[in-house]
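# fold the following.
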Amino acid sequence: MAFISRLAILSLLIPTSSAFTVVNSPTTRGASSTTFLRMADDVASEYDFDVAIIGCGVGGHGAALHSRAQSLKTAVFSGEDVGGTCVNRGCVPSKALLAASGRVREMKDTSHLSDLGIEIDAEAVTYSREGIAAHAKNLANRVKGNLEASLVGLGVDVIEGRGVLTGKPNEVKDAITGKVYTAKDIILAPGSIPFVP
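I've put the predicted structure just below:
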């Protein structure tokens, strides 16, 4: 029985004009080689992006990371809200506020502190609501900046405007500039809005 390598089979299955290239990884002695497909960088696409993601919260950010891991040209429409509700108005700032209030509560627990050999005047423990709010906002901004930097560092195009479907297949419009982008695939990750009946 003749042995045909994976590279030979893939070469037969994929025409040379294809948008894919076959990559054969180097082998170490005794290890088997790995062959995989990669999008060819020099092939012109009929679309601006392989993937456009509307929304840049937890879902949109994760989708963008996964798309780039697959070597897809990716754009994210952040709607001027990288990180979404969790980072900017929900999880991150609320946990910062809870942490600050917990510290104040611990510092006012004179009974517990005296058991530890610490004496403090509970009335001397004060706090600034504005200072705590500023800390929460600064923390949220730092996390937002780190998320955006991670996307940009991986080559994701972060478009500040809100992405709006145009009604035509494969088109997304930047609501701020009015520019229309095309993408082979569009992922909707706009988050949600609370509904109170």
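
# where does the chain dip in pLDDT?
1-44 (pLDDT under 70).

# what ranges do the helices span in it?
6-13, 58-69, 84-88, 91-107, 110-115, 129-153 (DSSP state H).

# closest one to residue 184 among the ones you listed?
helix 58-69 (10.9 Å; Cβ to Cβ). From N, CA and C alone the C-beta is placed, and that goes for glycine too.

# ok and the closest one relative to helix 91-107, angle-wise?
120 degrees (axes from the mean of the first three to the mean of the last three Cα atoms, to 10 degrees).

# in PDB, list the C-alpha atoms belonging to helix 58-69.
Provided in PDB are the C-alpha atoms of helix 58-69 (Å, rounded to 0.1, in the frame of the first residue of the first chain):
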ATOM      1  CA  VAL A  58     -17.900  40.500  26.900                       C
ATOM      2  CA  GLY A  59     -19.500  38.600  23.900                       C
ATOM      3  CA  GLY A  60     -18.200  40.900  21.200                       C
ATOM      4  CA  HIS A  61     -14.700  41.000  22.700                       C
ATOM      5  CA  GLY A  62     -14.600  37.200  23.000                       C
ATOM      6  CA  ALA A  63     -15.800  36.800  19.400                       C
ATOM      7  CA  ALA A  64     -13.100  39.200  18.200                       C
ATOM      8  CA  LEU A  65     -10.400  37.300  20.000                       C
ATOM      9  CA  HIS A  66     -11.600  34.000  18.500                       C
ATOM     10  CA  SER A  67     -11.800  35.500  15.000                       C
ATOM     11  CA  ARG A  68      -8.300  36.700  15.200                       C
ATOM     12  CA  ALA A  69      -7.100  33.400  16.500                       C
END
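
# quick one: buried residues of it?
Within helix 58-69, the residues scored as buried using 16 or more other Cβ atoms under 10 Å are 58-61, 63-64, 67-68.
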